[in-house]
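Visitor: sequence-free structure coming up:
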């Protein structure tokens, strides 16, 4: 089990309280989730049908503004789990620092994995992985640069898990060409990570292989029903994008008032140089606010955005303790 | 995509009507599902935590009366998808006829797959697969015979997807010893197939490998919350087992009144020799009742049990048309 945000268990173990006492800002999951309303009993009872899955795919194509072949999976993570089986074992190069599951999954499947620190250094890789915008530092890669890289690698995987509120970064419209694979997360922007839903976009042949690996019922009925509803609601998406933008400014201001230096981030989380990350995490934890720190970067603390006003004032109190 | 029950799409395509006009008896999914009640928002919003998954595992151990290492997965099917990766490629032998996904998944991963028709003929297989009680014919294998087979195969997979109402058949209590792997489905008996939940029981090392293949969030928050609640409700399970027993007798009587000969079945579905299965399926379909037939066995028709009294009378009318 690798280090992840969302591990409130360990916060409770170390600092006490009950799970429900905590505000979890250790992830990039939107804390003002899509209002789910009722879930029909049918979605829980029956096996998901082909036509239901197809209608979810159509909704995702609308949301991501693409005509590309696309496959719903149980979270972007489920697609990562299938990556090693998609092509012949070889050299994987990952633009670092980034989400740690790529390296872990590929290495344990016997791939030769290395982290690199520039786009150019991905050249020659059998499998090149970039996360755009990046987690945790928010680095943004230019679309033209990524397209120029494509002929110089065996396969390019672009993880757009945090791109919903930055649609101008997305290469979803270019998906479908051989050897470009795009991963999208549903749960983060829509605040419904417990649903386990994500999408892969790519060439028809790759979608067929991934579908065979995922099996006939790759996502739950609830994920299909709620996912479809949420993805078609572009009004909610626009309003949320605007709100997240305002909230980032608000959080950065609070952080800077602490003397924390903004390093980067996306509309769903912010990364700060806080000096002593362990001490900053402890301080927030005493106010029952959980944050993400990084073994490799002892000065970095990542914070998701608080949800309602009650959460913002809890954060404010924790910071002035 | 292989032939499966639950494919109401194709019923609608061939015979018309809307999905909701149909009664789907083409599966073995209980049509009087566990009463789910409310799903907490937390289950949809947050990533499932380690402690939540552990509490689901504990509930499953209680329900299946075992102390064995066990792993929740997104349906028994998700475990089947992982089977080829669990041991070195070799000879897989499947006790046939049975659920067609085993052969398909193993063959497409490059295993040498053959169907055999007696327990003895599994001897020498690197991977031996039995479904107990079997789908579709309900064949029941003796626990002692299965344990005797264990030293004569590399690995024995026992699919107990339909064993909830026949607990005396289950080898769950024996799980944990090397090279025995038991699969349990949650969705069939509890009537919540859309949740995508199942379990694998086996040796600690196999659970670790499967867990690595499934990734850090193998099941949804909804599956954890509802699965746990349902598995701990042993009163509902007893009442349901009793009710299913009565309903099987009732369905068999109706079938025999049609001149259909019972071939076998489990408490969740019945298999009949109907002479001309295609004609019988058509007849039921004109009453918007969907059933399962088998390309390989043109005389067989499989029927799940109707749910409420309205469904029983719809079935009665369809049969006398």
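Guide: Received it, and whenever you're ready, just let me know what you need. The model shown is predicted, which means the values in this text are computed figures rather than measured ones.

Visitor: hey, what's the closest residue in space to residue A:114 that isn't next to it in sequence bridged with?
Guide: Using Cβ to Cβ, 6 or more residues apart in numbering or on different chains and skipping the chain neighbours, the partner closest in space to residue A:114 is residue A:93 (5.7 Å). Glycine gets a C-beta too; all of them are placed from N, C-alpha and C. Beta-bridge pairing of residue A:93 under DSSP bridges involves residue A:114, residue A:128.

Visitor: give me the nearest residue to the closest residue to chain B within the stretch 201-321 of chain A, chain neighbours excluded.
Guide: Across the stretch 201-321 of chain A, no residue is closer to chain B than residue A:221, which sits at 2.8 Å (Cβ to the nearest Cβ). Leaving aside its chain neighbours, residue A:221 sits nearest to residue B:194 (2.8 Å; criterion: Cβ to Cβ, 6+ apart).

Visitor: for that neighbour, give me its contacts.
Guide: Residue B:194 makes contact with A:42-48, A:220-222, B:187, according to Cβ atoms under 8 Å, 6 or more residues apart in numbering or on different chains.

Visitor: and residue A:263, what are its phi and psi?
Guide: Dihedral angles phi and psi of residue A:263 (degrees, to the nearest 10) take the values phi -100, psi -30.

Visitor: what residues of whichever strand or helix holds residue A:144 count as buried?
Guide: Taking DSSP states H and E as the criterion, residue A:144 maps to helix A:143-149. Buried residues in helix A:143-149, counted by 16 or more other Cβ atoms under 10 Å in any protein chain shown: A:143, A:146, A:149.

Visitor: so which elements touch that helix?
Guide: The contact analysis (3 or more Cβ pairs under 8 Å, 6 or more residues apart in numbering or on different chains; DSSP states H and E) places helix A:143-149 against strand A:155-159.

Visitor: residues in contact with residue A:17?
Guide: Residues in contact with residue A:17, defined by Cβ under 8 Å, 6+ apart, are residue A:288.

Visitor: isn't the residue of the stretch 201-321 of chain A closest to chain B right up against residue A:49?
Guide: No. At 9.3 Å, residue A:221 does not count as touching residue A:49 under the criterion of Cβ atoms under 8 Å.

Visitor: so between those two, which is more surrounded?
Guide: Counted by other Cβ atoms under 10 Å in any protein chain shown, residue A:221 and residue A:49 do not tie: residue A:221 has more neighbours, with 27 against 20.

Visitor: what ranges do the strands span in the stretch 151-300 of chain A?
Guide: Taking DSSP state E, counting those that start in this stretch as the test, the strands found in the stretch 151-300 of chain A are A:155-159, A:180-185, A:198-201, A:261-266, A:269-273, A:289-290, A:292-294, A:297-304.

Visitor: pairing partners for the third one, with directions?
Guide: Paired strands of strand A:198-201, with direction, are strand A:70-73 (antiparallel), strand A:180-185 (antiparallel) (DSSP bridges).

Visitor: again with the fifth one
Guide: Strands that pair with strand A:269-273, judged by DSSP bridges, come out as strand A:261-266 (antiparallel), strand A:297-304 (antiparallel).

Visitor: pull the distance from that strand to the chain's centre.
Guide: Taking Cα atoms, centre = their mean, to the nearest Å, one finds the center of strand A:269-273 at 15 Å from the center of the full chain.

Visitor: so which elements touch whichever strand or helix holds residue A:11?
Guide: Following DSSP H and E, one finds residue A:11 within helix A:8-15. Contacts defined by 3+ Cβ pairs under 8 Å, 6+ apart place helix A:8-15 against helix A:277-286.

Visitor: what residues does the stretch 1-150 of chain A have near chain B?
Guide: A:1-2, A:4, A:6-9, A:19-20, A:24, A:27, A:29, A:31, A:33, A:36, A:39, A:41-51, A:74-75, A:77-78, A:80-81, A:101, A:105, A:108 (Cβ under 8 Å from any Cβ of the partner chain).

Visitor: return the subset of the residues you listed lying in helices.
Guide: A:8-9, A:41-45, A:50-51, A:77-78, A:80-81, A:101, A:105, A:108 (DSSP state H).

Visitor: and the residue of the stretch 51-200 of chain A that's closest to chain B?
Guide: residue A:194 (2.8 Å).

Visitor: got a list of what the closest residue to residue A:156 other than its chain neighbours touches?
Guide: Leaving out its chain neighbours, the residue that sits closest to residue A:156 by Cβ to Cβ, 6+ apart is residue A:128, at 5.1 Å. Applying Cβ under 8 Å, 6+ apart, we find residue A:128 in contact with A:92-95, A:122, A:149, A:153-157.

Visitor: at 6 Å instead, please
Guide: Residues near residue A:128 by Cβ atoms under 6 Å, 6 or more residues apart in numbering or on different chains: A:93, A:122, A:153, A:156.

Visitor: redo those residues as CSV? Include neighbour count and pLDDT.
Guide: Listed next are the contacts of residue A:128 as CSV, based on neighbours: other Cβ atoms under 10 Å in any protein chain shown; pLDDT from 0 to 100:
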residue, neighbour count, pLDDT
A:93, 21, 98
A:122, 21, 98
A:153, 20, 98
A:156, 22, 98
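
Visitor: can you pick out the most distant pair from these?
Guide: A:93 and A:156 (10.3 Å; Cβ to Cβ).

Visitor: once you drop chain neighbours, what's closest to the residue nearest the centre of chain A?
Guide: Note on chain A: the residue nearest the mean C-alpha position is residue A:161, at 3.5 Å, using Cα atoms, centre = their mean. Residue nearest to residue A:161 in three dimensions, not counting chain neighbours: residue A:185, with 3.8 Å by Cβ to Cβ, 6+ apart.

Visitor: any weak-confidence spans in chain A?
Guide: For chain A, the stretches with pLDDT under 70 are A:1-2.

Visitor: follow-up on the earlier one: from the contacts of residue B:194, pick the one nearest residue A:176.
Guide: Nearest member of those to residue A:176, counting by Cβ to Cβ, is residue A:48, at 24.2 Å.

Visitor: hmm, that closest one is touching residue A:221, no?
Guide: Yes. Under the criterion of Cβ atoms under 6 Å, residue A:48 makes contact with residue A:221 at 5.2 Å.

Visitor: so what's residue A:4 up against?
Guide: Per Cβ under 6 Å, 6+ apart, neighbours of residue A:4: none.
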